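> Starting from these lines, generate the structure:
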Amino acid sequence: MSTIRLSMAQALLRFLDNQYLLVDGKETKFVKGVMGIFGHGNVTGIGEALENSSGDLVYIQGKNEQGMVHAATAFAKQNNRRQIFACTSSIGPGALNMITAAATATVNRIPVLLLPGDNFASRQPDPVLQQLEVASDYTISANEPFKAVSKYWDRIVRPEQLMTAAVQAIRVLTDPAETGAVTLALPQDVQAEAYDYPTSFFERKVHYIDRRPAAAESIKRAMQVMKGKKKPLLIVGGGVLYASATRELALFAEAFQIPLSETQAGKSAVPWNHPLNVGAIGVTGTLAANRLAQEADLIIGVGTRYSDFTTSSKSAFGNPDIQFININVSGYDSSKLNGEAIIADAKEGLLALHAALSAEQYKSGYEPSFIQGLKQQWDEEVDRLYAAEHEAGFAQTRALGVIQETIDPTSVIVCAAGSLPGDLHRLWRPQYPKTYHMEYGFSCMGYEIAGAFGAALAEPEREVYAVVGDGSYLMLHSELVTSLQEGRKITVLLFDNHGFQCIHNLQRSQGSSGFGNEFRYRTSETGKLTGNYMPIDFAAHASSLGAKAYKAGNAEELREALQAAKRETTTTLIEISVVPGTNSDGYESWWNVGVPEVSASAKVVKASEEMNARIRKVTLR
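So this is what the prediction gives:
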């Protein structure tokens with residue numbers, strides 16, 4: 001047997017450099033490169049291997065471990081999970097900084113490979129710098145928390161273990177039903193240890209993503225559920241985009257006159273102006289979609305995980321005869337809400353169900369004019385919000401309207417947290433697939449700028465906009481510098497509303513007077529954060545990092561800033577001052593949150609009673 005002597009880290013990179021993915025006849029190099037921040041736990045292992053590698057892996061220097069994993073996640077998401085970056089860190093704090101981003105990837109079913117450094121496997125020296133010492137179990141390190149947020153986890157304590165672990169890692173990363181964060185913990189001494197690896201381990205390997213067909217029996221069972229259903233509604237999830245099933249979805253809806261609604265991950269699968277697209281569903285949904293959901297006797301969920309925002313905490317469906325058909329490549333997701341499962345690739349599942357319904361000459365009971373009327377009513381509401389003026393200043397929905405009409409429709413917008421996801425889900429009007437990039441599985445503050453950088457890496461020919469609140473920006477903006485370093489332009493649209501206003505709104509809606517959510521000075525009189533708003537110059541901050549920067553406080557200034565930003569060739573930030581609380585509100589939707597049954601505030605107790613009364617009306621599923 002032919003062998004080659006390499007350090008474990010060198011062998012890992014050589015293996016990753018030779019993995020390919022083949023989907024629908026198109027082959028893609030699966031691992032684009034490695035994002036990393038070096039420390040004593042990886043600089044002399046993976047760092048040396050990257051420095052002296054003769055392969056094609058790209059190295060990108062992260063500025064914050066969480067941020068670089070967000071960027072890698074966004075890169076994979078924008079590529080429909082067909083290409084990834086690996087991320088490497090030192091041990092201890094460097095590794096732990098990746099935990100939040102690892103969870104974000106896993107919740108969203110997005111592949112990302114994490115390579116944190118680890119304690120010495122030899123336990124000499126001991127304890128090493130940044131080692132987490134657990135006296136009761138010395139096998140525990142700072143990397144154990146990755147187990148809770150990873151779809152596969154392993155620790156390589158001998159160099160030859162890499163061969164099994166790496167194969168399993170790639171298996172999970174390339175599996176549409178299992179994918180998420182994969183963690184290989186790499187003790188820093190083992191990274192440098194040499195082993196005679198068989199050359200066959202490094203041969204070019206093509207992983208085939210065979211579209212899983214729908215079982216004939218599952219289609220028969222679904223057809224039994226469909227019988228007599230007159231008011232079906234499609235819920236379109238991210239799986240439609242990942243499976244490149246947008247055309248099949250539109251044809252399915254048109255053939256049987258079934259209106260379709262969108263989750264955050266599924267938005268942009270069908271153009272906003274498609275006659276059957278009634279828009280967002282759930283807590284952040286449109287009036288059209290939420291009214292249809294209340295009356296629906298059948299929900300056909302395609303590639304959705306049915307989060308509580310999608311189902312309005314299971315209150316979205318008011319028909320006592322409601323049933324569910326779930327097309328999903330994941331058996332776990334397809335079983336939700338006690339639905340009839342079609343465990344299949346979204347494209348294959350839609351095609352199979354389409355054929356069966358055509359044979360039965362099925363049609364929904366909707367009159368086209370009824371759906372058109374609901375859609376027209378909602379379109380008029382969006383127009384109203386886009387044009388809304390506020391006596392105190394620039395309204396958030398008005399700002400979004402200006403952005404919508406000014407940027408190129410092929411541009412990608414990236415968002416994740418705060419009040420902006422609700423407004424964008426309801427109001428944004430995408431014309432093309434993959435132009436709406438929302439991380440709402442975890443709604444992770446700080447994803448926005450890193451995510452925009454990742455999306456720009458994936459699609460450098462498109463303009464990419466990070467739509468971010470001031471709270472998220474303060475939490476994590478470090479990869480703005482990385483975008484400058486890599487020459488990948490992003491445009492940051494920073495909405496300054498003086499704090500965590502989304503949660504401030506939620507807080508006040510449940511009886512509170514407002515506490516701890518606005519960026520105000522502490523007053524000497526009360527000792528509370530009730531003073532004036534803190535004046536933070538975000539444009540100056542971005543400029544100090546090397547970005548171009550503009551400010552806008554009204555529609556004309558924003559329009560001019562957007563046009564100027566288009567002409568810039570480097571990363572640009574536009575600071576947009578908006579009036580707090582000028583976001584859109586719920587449209588016949590509800591969200592179940594815990595409200596104290598006992599409080600010194602009578603308003604909180606009243607809100608709790610109202611919440612509990614609503615909970616009692618929800619049908620458990």
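
> neighbours around the closest residue to Val467 other than its chain neighbours, how many?
Spatial nearest neighbour of Val467, chain neighbours left out: Cys415 (4.4 Å); criterion: Cβ to Cβ, 6 or more residues apart in numbering. All C-beta atoms are positioned from the backbone trio N, CA, C, and that covers glycine. When neighbours are counted by other Cβ atoms under 10 Å, Cys415 registers 29.

> which residues does Cys415 contact?
Pro421, Leu424, His437, Met438, Glu439, Glu448, Ala466, Val467, Val468 (Cβ atoms under 8 Å, 6 or more residues apart in numbering).

> What about those residues, which are in strands?
Members of the contacts of Cys415 lying in strands (criterion: DSSP state E): His437, Met438, Ala466, Val467, Val468.

> ok, back up a step: distance check, the residue nearest to Val467 against Tyr465.
Note on Cys415: its distance to Tyr465, by Cβ to Cβ, to the nearest Å, is 9 Å.

> okay, which residue is most central for this protein?
Glu439 (2.3 Å; Cα atoms, centre = their mean).

> Not counting sequence-adjacent ones, nearest residue to that one?
Ala416 is the one closest to Glu439 (Cβ to Cβ, 6+ apart), at 4.2 Å.

> Can you give me the neighbour number for that neighbour?
Neighbours of Ala416 under the rule other Cβ under 10 Å: 30.

> How is this protein divided into domains?
For the chain, automatic domain parsing gives the domain ranges 3-208, 216-372, 388-498+534-577.

> Turn these into CSV, including mean pLDDT and distance to Thr523.
Below are those laid out as CSV (pLDDT from 0 to 100; distance: least, Cβ to Cβ, whole Å):
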stretch, mean pLDDT, distance to Thr523
domain 3-208, 97, 33
domain 216-372, 97, 35
domain 388-498+534-577, 97, 13
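
> Mind checking those for the one nearest to Glu610?
Closest of the domains of the chain to Glu610 is domain 216-372, at 13.4 Å (criterion: Cβ to Cβ).

> quick one: the closest one to chain centroid distance?
Relative to its chain's centre, domain 216-372 lies at 21 Å (Cα atoms, centre = their mean, to the nearest Å).

> try stretch 536-545
Distance of stretch 536-545 from its chain centroid, counting by Cα atoms, centre = their mean, is 27 Å.

> Helices of the stretch 51-200 of the chain, start to end?
If you assign secondary structure with DSSP state H, counting those that start in this stretch, the helices in the stretch 51-200 of the chain sit at 65-78, 93-96, 99-107, 146-149, 162-173, 188-192.

> Would you mind finding the most buried of those helices?
Among the helices of the stretch 51-200 of the chain, the stretch with the highest mean neighbour count (mean count of other Cβ atoms under 10 Å) is helix 65-78, at a mean of 30.

> Can you check what angle separates that helix from helix 162-173?
60 degrees (axes from the mean of the first three to the mean of the last three Cα atoms, to 10 degrees).

> Give me the angle between helix 65-78 and helix 99-107.
Using the same axes, to 10 degrees, one finds that helix 65-78 and helix 99-107 are set 20 degrees apart in direction.

> Output helix 65-78 as CSV, restricted to C-alpha atoms.
C-alpha atoms of helix 65-78 as CSV (Å, rounded to 0.1, in the frame of the first residue of the first chain):
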residue,chain,number,x,y,z
GLU,A,65,-14.6,33.6,15.7
GLN,A,66,-18.4,33.9,15.8
GLY,A,67,-18.4,36.4,12.9
MET,A,68,-16.3,34.2,10.7
VAL,A,69,-18.5,31.1,11.3
HIS,A,70,-21.6,33.3,10.5
ALA,A,71,-19.8,34.3,7.2
ALA,A,72,-19.1,30.6,6.4
THR,A,73,-22.8,29.8,7.2
ALA,A,74,-24.1,32.6,4.9
PHE,A,75,-21.7,31.5,2.1
ALA,A,76,-23.1,27.9,2.3
LYS,A,77,-26.7,29.2,2.5
GLN,A,78,-26.3,31.4,-0.5
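
> Which strands or helices does that helix pack on?
With contacts taken as 3 or more Cβ pairs under 8 Å, 6 or more residues apart in numbering; DSSP states H and E, helix 65-78 sits against strand 31-36, strand 84-89, helix 99-107, strand 112-118, strand 436-438, helix 447-458, helix 479-486.

> which residues touch Arg291?
Neighbour list for Arg291: Leu374, Glu588 [criterion: Cβ under 8 Å, 6+ apart].

> which SS class is it?
Following DSSP: H, G, I helix; E, B strand; the rest coil, Arg291 is assigned to helix.

> just Ala253 next, same as before
Quick answer, by three-state DSSP: Ala253 is helix.

> Next up, the contacts around it.
Applying Cβ under 8 Å, 6+ apart, the residues contacting Ala253 are Leu234, Pro259, Leu260, Val270, His274, Leu276.

> Leaving out the residues flanking it, which one is nearest to the first one?
This means Leu234. Leu260 (3.9 Å).

> what about that neighbour, how many neighbours?
28.

> Looks like it contacts Pro232 (just checking).
No: with contacts defined as Cβ atoms under 8 Å, Leu260 does not count as touching Pro232, sitting 10.0 Å away.

> May I ask which helix or strand encompasses His207?
Using DSSP states H and E, His207 maps to strand 205-208.

> Packing partners of that strand?
Going by 3+ Cβ pairs under 8 Å, 6+ apart, strand 205-208 lies up against strand 19-23.

> what's the angle from the strand it packs on to strand 84-89?
Relative orientation of strand 19-23 versus strand 84-89 (the same axes, to 10 degrees): 150 degrees.

> partners of strand 19-23, with directions?
If you go by DSSP bridges, strand 19-23 pairs up with strand 26-29 (antiparallel), strand 205-208 (parallel).

> Who does the residue nearest to Lys267 when sequence neighbours are not counted form a beta bridge with?
Leaving aside its sequence neighbours, Lys267 sits nearest to Tyr436 (Cβ to Cβ, 6+ apart; 4.7 Å). Legend: beta-bridge partners of Tyr436 under DSSP bridges are Ile413.

> Against Val414, how distant is Tyr436?
When Tyr436 is compared with Val414 (using Cβ to Cβ), they lie 9 Å apart.

> quick one: which of those two has more around it?
Taking neighbours as other Cβ under 10 Å, Tyr436 and Val414 compare with Val414 leading, 29 against 24.

> give the contact list for that one.
For Val414, the contact set (Cβ under 8 Å, 6+ apart) comprises 74, 437-439, 447-448, 451-452, 455, 464-467.

> In contact with the residue nearest to Lys267, which residues are there?
With contact taken as Cβ under 8 Å, 6+ apart, Tyr436 is in contact with Lys267, Ser268, Val412, Ile413, Leu424, Trp428, Pro430.

> measure Pro159 to Trp153 for me?
19 Å.

> Ignore what I typed, I meant Glu486.
To Trp153, Glu486 is 30 Å away according to Cβ to Cβ.

> Those two: who's more crowded?
Trp153 (20 against 17).

> Run through the bridge partners of that one.
With DSSP bridges as the criterion, Trp153 is bridged to Thr183.

> what's the answer for Phe324, then?
Here Phe324 sits in beta bridges with Ile299, going by DSSP bridges.

> Could you pull out the strands in the stretch 501-621 of the chain for me?
With DSSP state E, counting those that start in this stretch applied, the stretch 501-621 of the chain shows strands at 548-552, 572-577, listed in chain order.

> follow-up on the earlier one: go ahead and confirm the residue nearest to Glu439 touches Ala450.
No: when contacts are counted by Cβ under 8 Å, Ala416 is not listed as touching Ala450 (9.6 Å).

> still on that earlier bit, comparing the strands of the stretch 501-621 of the chain, which comes out most buried?
Note that of the strands of the stretch 501-621 of the chain, strand 572-577 is the most buried (mean count of other Cβ under 10 Å), with a mean of 25.

> elements contacting that one?
Using 3+ Cβ pairs under 8 Å, 6+ apart, strand 572-577 sits against strand 491-496, helix 538-545, strand 548-552, helix 555-567.
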